[in-house]
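> using only what follows, build the 3D model:
(one chain, ligands or ions: 1)
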Amino acid sequence: MEIYIDTADLNEIKKAMSLSILDGVTTNPTILSKQGVPYKERLGEINEIVDGKIWYQVVSSNSEAMVREALEVVSLLEQPVIKLPIGQESLKASKILSNQGIETNMTLVFSVAQAILSAKAGASYISPYVGRINDIGWSGLQLIKDITQIFSIQGIQTKVIGASLRSSQDIVSVAELGAKAATMPFKVLTQMLNNPMTDSGLVQFNDDWKAYQRQLATTQN
Ligand SMILES: O=P(O)(O)OC[C@H]1O[C@](O)(CO)[C@@H](O)[C@@H]1O
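Predicted structure coming up:
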């Protein structure tokens, strides 16, 4: 499963990259706008740190401008993925970019119908927003399940990336339902790793080992 961190914070990215398990970094306009630096500068800095895919979401509103904007960013990044908000203009832009061998991600996906059209437009990935669907009282996981099932029946290669994930259990659930990728805040990535039983188990192992060393030292004296 591909694992991405959803941030443009350089400290978080460095920490996450150092774990050696990351497939890249996803961003969106909200995330980049919070950094207080020009977005191209920040993307360049991220590109220096990340050995993996870097995702950028276009903000233009027609397909020609989307493609122009995408190509500018593509020239800055070693492994770009261009995010497009699902819609008529994005379908056209996705086809143009994917025909040029550029990976695209259709984002803001909230229905199976949108997912089917995204795949037709050559999107490499689609992002169903699990958390935001749950926020309005529907089931984000049910949508992931429906999309992965239909993609499997139809032999569609477009990968589902679980987005708007808010807990480590969300990652487990989307993986179980066949999502090939997940993006998450740094906090959720650390939650995936941490477990109090691991911590207490390690304390016990270390204490036992120290007691054993003391015992050996006493018998040798
Ligand atoms: O609902 P949230 O937590 O703002 O998440 C939004 C999601 O949208 C995305 O842009 C989808 O790729 C990710 O950055 C993020 O997972």
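
> CA atoms for contacts and neighbours, from now on please.
Noted.

> tell me if the host helix or strand of residue 117 is near the ligand.
Residue 117 is part of helix 112-120 when elements are defined by DSSP states H and E. No: counting by CA under 6 Å from any ligand atom, the ligand has no neighbours in helix 112-120; the shortest distance is 13.8 Å.

> average pLDDT for that helix?
Model confidence over helix 112-120, given as mean pLDDT, is 98.

> look up how far the ligand lies from the residue of the chain most remote from its centre.
The centre of the chain is farthest from one residue, residue 221, which by CA atoms, centre = their mean lies 57.0 Å away. Going from residue 221 to the ligand by CA to the nearest ligand atom, to the nearest Å gives 60 Å.

> what sits against that residue?
Contacts here follow CA atoms under 8 Å, 6 or more residues apart in numbering; on that basis residue 221 touches nothing.

> and for the residue nearest to residue 159 when sequence neighbours are not counted, the neighbour number?
The spatial neighbour of residue 159 that comes closest, neighbours along the chain excluded (CA to CA, 6 or more residues apart in numbering), is residue 125 at 4.6 Å. For residue 125, the tally of surrounding residues (other CA atoms under 10 Å) stands at 25.

> which residues does the helix or strand following the helix holding residue 117 contact?
Next along the chain after helix 112-120, taking DSSP H and E as the criterion, comes strand 125-128. Counting contacts by CA under 8 Å, 6+ apart, the residues outside strand 125-128 that touch it are 104-111, 115, 118-119, 140, 143-144, 158-164.

> partner strands of strand 125-128, with direction?
In its sheet, strand 125-128 lies beside strand 103-109 (parallel), strand 159-162 (parallel), with partners assigned from DSSP bridges.

> just say helix, strand or coil for the spatially most central residue of the chain.
Centrality entry for the chain: nearest residue to the mean C-alpha point is residue 183, 2.3 Å, by CA atoms, centre = their mean. Assigned state for residue 183: strand (three-state reduction, DSSP: H, G, I helix; E, B strand; the rest coil).
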